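Visitor: here is a sequence with its predicted model. Questions after.
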Amino acid sequence: HTNTHTHTHNNSVLLSSSPQPHHTHTHTRYPLDPVHPTMSDAFSQCFELFAEGDKMPKAQVPVALRTMGRCPTEEECAELITGDIDLATFRALVDKTDACPPFEEILEAFSVFDQNSNGYIPLKELTHLMKSLGEGMSEEQLTQLAKLAEPDDEDQVNYKFLVDKITKE
């Protein structure tokens with residue numbers, strides 16, 4: 001009876017042909033994604049949620065990316081998503097797109113425009129900022145934002161409330 005042993009220094013793997021103790025239950029070890037070890041199952045679960053068979057429809061990809069905590073711009077989506085994608089492509093897209101900024105960071109950005117330091121900014125100023133900064137929002141998107149913002153009787157927006165709603169969606 002011969003024993004064969006293989007050692008690799010990187011992973012300290014021991015392969016042996018010697019008999020192993022018999023176990024009544026088996027453990028399945030899933031390979032981990034080397035870039036995001038804890039994300040491996042999350043990638044697969046998210047992909048399965050939005051996929052039809054082994055492909056995710058092009059229209060679902062931006063939603064799936066946002067579900068994974070990414071914030072792809074419309075421009076990035078148009079450039080990166082050319083058709084239906086498989087799991088490997090989905091993983092690559094998650095790595096290529098920026099993570100959404102944390103709640104505190106978004107709140108801090110809005111606080112710059114809070115002239116009275118009371119947690120409110122005028123809806124008119126909010127829509128102007130959203131129209132002119134970055135990619136700029138379309139009129140339809142601005143209308144949706146105004147509804148989401150729920151301004152008070154004086155058209156003031158509680159931006160902490162708004163950011164909370166946006167980051168939870």
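Guide: Yep, that arrived.
Visitor: report the contact partners of Gln115.
Guide: For Gln115, the contacting residues are Ile121, by Cβ atoms under 8 Å, 6 or more residues apart in numbering. (Each C-beta comes from the backbone N, C-alpha and C, glycine too.)
Visitor: and it, what pLDDT?
Guide: Per-residue pLDDT puts Gln115 at 90.
Visitor: got phi/psi on it?
Guide: Gln115 has phi and psi values of phi -70, psi -30 when expressed as degrees, to the nearest 10.
Visitor: just want the most central residue of this structure.
Guide: By Cα atoms, centre = their mean, the chain has its centre lying nearest to Gly69, at 1.9 Å.
Visitor: buried set for stretch 139-150?
Guide: Buried positions in stretch 139-150, judged by neighbour count with 16 or more other Cβ atoms under 10 Å: 142, 145-146, 149.
Visitor: just the closest of those to Ser132, please.
Guide: Relative to Ser132, the closest of the buried residues of stretch 139-150 is Leu142; by Cβ to Cβ it sits at 11.0 Å.
Visitor: surely the closest one touches Lys131?
Guide: Yes. Counting by Cβ atoms under 8 Å, Leu142 touches Lys131, with 6.2 Å between them.
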